[in-house]
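A.B. asks: Let me see the structure of the following:
(chains A, B, C and D)
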2 protein chains.
Amino acid sequence: MPPLPVTVDSVILTVLEGTLQVLLVRRMDSPFVGLWALPGGFVRPEEPLENAAIRELRESTGVDEVYLEQLYTFGQPQRDTRGRVVSVAYVALLAADRCPIKPQRLEAEVRWWPVYELPELAFDHGAMVEMSLQRVRTKLEYTTIGFQLMPEAFTMAQLQSVYEVILDRSLDKRNFQRKLSLLGLVEPTGDVRKEGRGRPAQVFRFRDVDFVHLRERGIHVPF
Amino acid sequence: MPPLPVTVDSVILTVLEGTLQVLLVRRMDSPFVGLWALPGGFVRPEEPLENAAIRELRESTGVDEVYLEQLYTFGQPQRDTRGRVVSVAYVALLAADRCPIKPQRLEAEVRWWPVYELPELAFDHGAMVEMSLQRVRTKLEYTTIGFQLMPEAFTMAQLQSVYEVILDRSLDKRNFQRKLSLLGLVEPTGDVRKEGRGRPAQVFRFRDVDFVHLRERGIHVPF
DNA sequence: GGAATAGTGTCTTTCAGACAATATGTT
DNA sequence: AACATATTGTCTGAAAGACACTATTCC
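C.D. replies: Below is the predicted model of the structure:
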């Protein structure tokens, strides 16, 4: 049976300027020249799929230590107009403060786009973004996946804001903090931070840096 | 970039004789001759991935209308000793009464194996089975995926038994029935069935034949 | 009547969800 | 003192989880 070209494409997400944003690159080659697309590329002959995703990630962002999760494999014969290409899509979550790419460089060839104001995307990349949003929203409720988008130290307001941005709805401050402290996943660093002219906020850090499946601990977290 | 051979492998599950069973075929060719493996094969040049999975399913079971869901894509370079092969794994759920393959044909080259007593499997198929069990168990709690394993008409005891077999623990009869009737997903057909020498059981059918994401309806179903 | 299986109801505890007042800092 | 932001507690309703008895049929 003839082999098929295999690519990886990554939906790289971050929270920047109060919105969930995805990294896109402008296509320089045919097909879809000039359209925006997810960063991706061909898998090398001896390269594990995940390594290919990490490599593409490093090439497009300069970062290589991020949360990475396989999303889905897209293999419709017509998804690439040049001929059949199978693409393994990944989702990456990147804390904004660890990313060298600055926001809103409108003329750049690589930039963040707010997920609710996307341009037309090449290939089936629109479907990939859509699926990744669903995945992240769902996992936000029963894992600590959201923590991957936070800096090491943060205030409760910042953390809640990230959850609100991803879920696209507002949350009750009191219920949010109650659940979070009930989970015991964060602890105060002892510092405080002055955000404006109000009362300074306590600064927190995560106890477990690692990804945690709350459901496997019998915990459900409907924020 | 050189293309790669792409296969699909299916973890086909059913509940038979009170256990969760997976369909395996004995390998006739190198590598791993004589070992058991998941049914699978190469994707054809113009064939969508899911169609390839359906085709392999039909070839191994004779059935082609089943619940089918993409599981994960395995692409470690060493997973096939002949050279690199990327495999897209699928999970299929098959109602036992719709399957022509009979249980316990010990000498056969294609047979059901209880998932808790598996032989050594070829390639990384053991990992595929493991991952599919996790997936199915998780989805059992917030979707109607379990219904795919039931015949059209069934008793409550049968339905509960399927849940117990998959989750590998016993459930409370009263709580199970309460939740199920609360969901409104089943209705009595009006018939009764004599299972042995006790009181006859009511026969039920599903209202929605289709797969339902209960979470999208705001429902959580921790059986 | 005894055995086998089906079917049903209550109580307790936990937690999600809605809701408002107080505390601590800046200007 | 006015303002801004942070922090904390209560009540209610829903449902998960534990638990035991009654109903119907066959022998």
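
A.B. asks: Tell me which stretches of chain A form strands.
C.D. replies: Assigned by DSSP state E, the strands in chain A fall at A:6-16, A:19-26, A:36-37, A:40-42, A:67-74, A:86-93, A:110-114, A:186-193, A:201-206.

A.B. asks: So which of the ones you listed is nearest B:V11?
C.D. replies: strand A:67-74 (15.4 Å; Cβ to Cβ). In short, each C-beta sits where N, CA and C put it, glycine included.

A.B. asks: all helices for chain A, in order.
C.D. replies: A:49-61, A:125-140, A:156-167, A:173-183 (DSSP state H).

A.B. asks: wait, does the last one contact DNA strand C?
C.D. replies: Yes - contact between helix A:173-183 and DNA strand C is present through A:173-175, A:179, A:182 (criterion: Cβ under 7 Å from any atom of the strand).

A.B. asks: Kindly report the same for the third one.
C.D. replies: No - residues of helix A:156-167 contacting DNA strand C under Cβ under 7 Å from any atom of the strand: none, with a closest distance of 11.1 Å.

A.B. asks: just to revisit the earlier point, nearest to DNA strand D, of the strands of chain A?
C.D. replies: strand A:201-206 (3.2 Å; Cβ to the nearest atom of the strand).

A.B. asks: which stretches of chain A aren't confidently modelled?
C.D. replies: A:102-108, A:209, A:215-223 (pLDDT under 70).

A.B. asks: Identify the residues contacting the residue of chain A found nearest DNA strand D.
C.D. replies: Among all residues of chain A, A:G198 sits closest to DNA strand D, at 1.9 Å; criterion: Cβ to the nearest atom of the strand. Taking Cβ atoms under 8 Å, 6 or more residues apart in numbering or on different chains as the contact definition, A:G198 lies against nothing.

A.B. asks: give me phi/psi at the closest residue to A:V192 other than its chain neighbours?
C.D. replies: Nearest residue to A:V192, sequence neighbours excluded (Cβ to Cβ, 6 or more residues apart in numbering or on different chains): A:P200, at 4.1 Å. Note on A:P200: backbone dihedrals following degrees, to the nearest 10 are phi -70, psi 150.

A.B. asks: count of neighbours near A:P200?
C.D. replies: 12 (other Cβ atoms under 10 Å in any protein chain shown).

A.B. asks: Over to the one 5 residues further on?
C.D. replies: Neighbouring residues of A:R205 were enumerated by other Cβ under 10 Å; the total is 16.

A.B. asks: Can you name the residues bridging to it?
C.D. replies: A:E187 (DSSP bridges).

A.B. asks: Which one of the strands of chain A lies nearest to B:L159?
C.D. replies: Proximity to B:L159 (Cβ to Cβ) singles out strand A:67-74 among the strands of chain A, at 30.4 Å.

A.B. asks: Packing partners of the closest one?
C.D. replies: Here strand A:67-74 touches helix A:49-61, strand A:86-93, helix A:125-140, strand B:67-74, going by 3 or more Cβ pairs under 8 Å, 6 or more residues apart in numbering or on different chains; DSSP states H and E.

A.B. asks: any idea how far the residue of chain A closest to DNA strand D is from A:L159?
C.D. replies: 17 Å (Cβ to Cβ, to the nearest Å).

A.B. asks: ditto for A:D210
C.D. replies: 17 Å.

A.B. asks: the more surrounded of the two?
C.D. replies: Between A:D210 and A:L159, counting by other Cβ under 10 Å, A:L159 is the more crowded of the two (20 against 7).

A.B. asks: still on that earlier bit, enumerate every residue touching the residue nearest to A:V192.
C.D. replies: By Cβ under 8 Å, 6+ apart, the contact list for A:P200 reads A:192-194.

A.B. asks: Also A:C99?
C.D. replies: A:14, A:61, A:63.

A.B. asks: For DNA strand C, what is the nearest residue in chain A?
C.D. replies: Counting by Cβ to the nearest atom of the strand, chain A gets nearest to DNA strand C through A:R199 (2.8 Å).

A.B. asks: What is the burial count for A:P5?
C.D. replies: As a burial measure, A:P5 scores 18 neighbours (other Cβ under 10 Å).

A.B. asks: can you list the domains in chain A?
C.D. replies: A:6-125, A:140-217 (automatic domain parsing).

A.B. asks: Just name the most buried of those.
C.D. replies: domain A:6-125 (a mean of 18; mean count of other Cβ atoms under 10 Å in any protein chain shown).

A.B. asks: how about that domain, does it reach DNA strand D?
C.D. replies: No - judged by Cβ under 7 Å from any atom of the strand, domain A:6-125 stays clear of DNA strand D, getting no closer than 13.6 Å.

A.B. asks: Stretch A:136-148 now?
C.D. replies: No - residues of stretch A:136-148 contacting DNA strand D under Cβ under 7 Å from any atom of the strand: none, with a closest distance of 14.1 Å.

A.B. asks: got the end-to-end distance for stretch A:114-132?
C.D. replies: Terminal residues of stretch A:114-132 are spaced 14 Å apart (Cα to Cα, to the nearest Å).

A.B. asks: Same check on stretch A:100-116?
C.D. replies: Distance between the two ends of stretch A:100-116: 22 Å, counting by Cα to Cα.

A.B. asks: try stretch A:12-22
C.D. replies: One end of stretch A:12-22 to the other measures 5 Å (Cα to Cα).

A.B. asks: ditto for stretch A:80-98
C.D. replies: End residues of stretch A:80-98 are separated by 33 Å (Cα to Cα).

A.B. asks: what's the closest non-adjacent residue to A:M156?
C.D. replies: Per Cβ to Cβ, 6+ apart, closest to A:M156 is A:Q177, 5.7 Å.

A.B. asks: so the one you found makes contact with A:L159?
C.D. replies: No - the criterion here is Cβ atoms under 8 Å, and A:Q177 misses it with A:L159 at 9.2 Å.

A.B. asks: can you pull the contacts of A:L121?
C.D. replies: A:L121 neighbours (Cβ under 8 Å, 6+ apart): A:24, A:35-38, A:129.

A.B. asks: Greatest separation within those: which pair is it?
C.D. replies: A:L35 and A:V129 (13.6 Å).
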